[in-house]
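Peer 1: can't give you the sequence, but here's the structure:
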Ligand SMILES: C=C(OP(=O)(O)O)C(=O)O
Ligand SMILES: [Mg+2]
């Protein structure tokens, strides 16, 4: 049975017909242009969708169409916006906004490429989201209920990236994300409050140890201190959790996104970690050491995006202890996920709508993952906007987990704030805590 069910009434109702579709460029959190689409229905339901943007993108993601040339240093989205207004709008105007799948497939069809390169994944994803929001608004239901029905009441466990490294920061940390995971609480709001307290303790610790420059932040709002070693970053997280009065492992655990495709040297077939060349076997041993020394509950992209084999070995050895998450590995793509399921490459998937390009394909992936017993983590991108759609998706599909950066910087806090609002709105909010992980560390 499908775990995602868009509330859909088949009767004809003029109110849901799409009246207008308008694309424009707006700015994202890195100061780059991105695509915004506004869809209005005949019943005057309004939906606004945005394309987020990654920095450590997977090779197999839907293509983000950029103009090249001089404007915006080549990052302009004029063509993508034009594609919304000239290619997508004429086709979907007049369609029933509740027919998400048909609309998404229409866009896939007129694009005609495997990776949405013609119209642009950015044009398509912003439209897909705007359509769902316009339908929900017309129906006068919140988006999470439109996606998951009245019974959608599970708030996700947040994974908060509070030390940034890799391509998201200007420091020398090889790993991209050092996250705290407040799983030992009974509600989302308590978990978030505790995380914010840890964030502020970390800020004090960093300032005292390294001076005020150490509290500059990276792309996702986490601090980007002048560290070089993974263990030093993890030690600081433990220190901050304790300083805030919480118990590491029991109340607040740790998680990593290695984003290891960026550390992999193709020609030599090795990873460079802290200046040392490691084979995939040695890297696996390195992770084993980290898992035994720290209360780690999840490691994302431990191996590069084509290495299903070592992923599978790691999962068979550590899958009963931690989540092994495929992000660049799966790129929210049904075909790559089925390969992962068949080869037992992981036990969790990072879900980013813009990696695949439409809501319908995203829901298919979530369904597939859940059916295979995989955990699902709904995720932001490092380049974000004020859009809060992922919060509603996380609740709507009962994802259980969300990854949306530090609890600072407006484009990240918007998502947390939306979840606080949803928690108050639903009748019996549930917070899954450690049940979404194989075990408490
Ligand atoms: C959120 C991430 O970063 P980006 O958006 O740069 O891919 C990630 O790698 O999980
Ligand atoms: Mg990642």
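Peer 2: It's in. This is a predicted model, so every value here is computed, not measured. Numbers count the residues shown, from 1 in each chain. Ligands and ions are numbered 1, 2, ... in the order given.

Peer 1: enumerate every residue touching the residue of the stretch 151-300 of the chain found nearest ligand 2.
Peer 2: Using C-beta to the ion, residue 257 is the residue of the stretch 151-300 of the chain that sits closest to ligand 2, at 4.4 Å. All C-beta atoms are positioned from the backbone trio N, CA, C, and that covers glycine. Listed by C-beta atoms under 8 Å, 6 or more residues apart in numbering, the contact partners of residue 257 are 161, 175, 176, 177, 179, 299, 300, 301, 325, 327, 403.

Peer 1: return the member of the residues you listed nearest to residue 139.
Peer 2: Distance to residue 139, by C-beta to C-beta, is smallest for residue 403 among the contacts of residue 257, at 28.7 Å.

Peer 1: just want the phi and psi numbers for that closest one.
Peer 2: phi -120, psi 110 (degrees, to the nearest 10).

Peer 1: any idea how far the residue of the stretch 151-300 of the chain closest to ligand 2 lies from residue 136?
Peer 2: 31 Å (C-beta to C-beta, to the nearest Å).

Peer 1: which stretches of this protein form strands?
Peer 2: 18-27, 33-41, 46-50, 157-164, 177-181, 253-257, 264-265, 270-273, 276-278, 296-300, 323-326, 348-351, 375-379, 400-403 (DSSP state E).

Peer 1: ok, back up a step: okay, and the beta partners of the residue of the stretch 151-300 of the chain closest to ligand 2?
Peer 2: As for beta bridges, residue 257 partners with residue 177, residue 300 under DSSP bridges.

Peer 1: could you report the pLDDT at it?
Peer 2: Per-residue pLDDT puts residue 257 at 98.

Peer 1: list the contacts of stretch 276-287.
Peer 2: 260, 265, 268-273, 299, 302-303, 307, 310, 313-314, 317-318.

Peer 1: at 6 Å what do you get?
Peer 2: By C-beta atoms under 6 Å, 6 or more residues apart in numbering, the residues outside stretch 276-287 that reach it are 270, 271, 302, 303, 310, 314.

Peer 1: kindly indicate which of the residues you listed lies nearest ligand 1.
Peer 2: For the contacts of stretch 276-287, the residue nearest ligand 1 by C-beta to the nearest ligand atom is residue 302; the value is 12.7 Å.

Peer 1: was I right about residue 400 contacting residue 432?
Peer 2: Yes: Residue 400 lies in contact with residue 432 (C-beta atoms under 6 Å); the separation is 5.2 Å.

Peer 1: which one of these two is surrounded by more residues?
Peer 2: The neighbour count for residue 400 versus residue 432, taken as other C-beta atoms under 10 Å, is higher for residue 400 (23 against 17).

Peer 1: tell me the confidence at the nearest residue to residue 430 once chain neighbours are set aside?
Peer 2: Distance criterion C-beta to C-beta, 6 or more residues apart in numbering; nearest residue to residue 430, sequence neighbours excluded, is residue 154 at 4.9 Å. For residue 154, the model assigns a pLDDT of 98.

Peer 1: residue 154 contacts residue 396, correct?
Peer 2: No: judged on C-beta under 6 Å, residue 154 makes no contact with residue 396 at a distance of 9.7 Å.

Peer 1: before we move on, back to that, tabulate the strands of the chain (CSV), appending distance to ligand 1.
Peer 2: Below are the strands of the chain laid out as CSV (distance: least, C-beta to the nearest ligand atom, whole Å):
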stretch, distance to ligand 1
strand 18-27, 16
strand 33-41, 13
strand 46-50, 14
strand 157-164, 8
strand 177-181, 7
strand 253-257, 5
strand 264-265, 14
strand 270-273, 16
strand 276-278, 20
strand 296-300, 6
strand 323-326, 9
strand 348-351, 6
strand 375-379, 6
strand 400-403, 7
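
Peer 1: got the residues of the stretch 251-400 of the chain near ligand 1?
Peer 2: Contact residues (C-beta under 6 Å from any ligand atom) of the stretch 251-400 of the chain with ligand 1: 257, 259, 327, 350, 379, 381, 382.

Peer 1: next, count neighbours for the residue of the stretch 51-200 of the chain found nearest ligand 1.
Peer 2: Distances between the stretch 51-200 of the chain and ligand 1 by C-beta to the nearest ligand atom are smallest at residue 54, namely 3.2 Å. Residues near residue 54, counting by other C-beta under 10 Å, number 20.
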